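[1] I'll drop the sequence and a predicted model, then ask my questions.
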Amino acid sequence: MSIQLMTPIAKRIANELHVRLPQVEAAIALLDDKATVPFIARYRKEATGGLDDTQLRTLEERLTYLRELEERRTTILKSIDEQGKLTPELAASIVQADTKARLEDLYLPFKPKRRTKAQIAREAGLEPLARRLLQDPTLVPEREAAGFIDPDKGVADAGAALEGARWILMETFAEDAALVGGLSQILWDAGE
């Protein structure tokens, strides 16, 4: 699947720093040639159009972050595509993700996992119980769980069935990128 990536890194940094693109491109070339920020700020002002030490440090940090972000984005797109689960909508969301956290939130449901308690509960046939309890909060959980008791599948009693349903719901919530992102934002906004 061919994906159009976000704005090129140099252009993005130029916009963020409110400087001209050639200044950023020159600084990136010098940094890629292993020049240090103090060296560039002092001896290569003509090449960078006079970028100061603070701007160069910010540029270097953003360059590292954005390159890591693009590398991770490529890895995630490839992994999901290899699983056969990459839809155009998901690809667009991944391409538009502008932070590593958002990228990882989107990848979480597709990330290869170890065998979890939720997966074990699904294998025991408890997903319909979890969905039923989530969709109708008026149901009596113990009564609903009684229909899922099956010692051959490791569900010894209603308590075990409810525990399995609980694990399924916890994993479902934890893998919902919109929910996780929204909660993270609420915590960020409310935190001190």
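    Yep, that arrived.

[2] Next up, the contacts around L30.
    Applying CB atoms under 8 Å, 6 or more residues apart in numbering, we find L30 in contact with 40, 44, 47-48. Just so you know, the C-beta spots here come from the backbone N, C-alpha and C atoms, and that holds for glycine as well.

[3] that's a helix at it, yeah?
    Yes. Applying DSSP: H, G, I helix; E, B strand; the rest coil, one finds L30 inside a helix.

[4] ok, I13 touching L63?
    Yes. Using CB atoms under 8 Å, I13 makes contact with L63 at a distance of 6.5 Å.

[5] For L17, give its distance to T54.
    10 Å (CB to CB, to the nearest Å).

[6] Which secondary structure elements does the lengthiest helix in the chain sit against?
    Secondary structure of the chain per DSSP state H: the longest helix is helix 53-82. Helix 53-82 sits against helix 9-17, helix 21-32, helix 37-43, helix 88-96, helix 100-107, with contacts defined as 3 or more CB pairs under 8 Å, 6 or more residues apart in numbering; DSSP states H and E.

[7] Residue ranges of each domain in this structure, please.
    Annotated domains of the chain cover 9-110, 117-190 [automatic domain parsing].

[8] Between the two ends of the last one, how far is it?
    With CA to CA, to the nearest Å as the measure, domain 117-190 spans 32 Å from end to end.

[9] Could you point out the helix or strand that follows the host helix or strand of M170?
    Element membership of M170 [criterion: DSSP states H and E] is helix 158-174. Downstream of helix 158-174, the first helix or strand assigned by DSSP H and E is helix 177-190.

[10] measure P38 to T172 for me?
    For P38, the distance to T172 - CB to CB - is 51 Å.

[11] Neighbour count: these two, which is higher?
    T172 (16 against 11; other CB atoms under 10 Å).

[12] who's in contact with the more buried one?
    Applying CB under 8 Å, 6+ apart, the residues near T172 are 118, 130.

[13] switch the cut-off to 10 Å
    Residues counted as contacts of T172 (CB atoms under 10 Å, 6 or more residues apart in numbering) are 109, 118, 127, 130-131, 134, 179.
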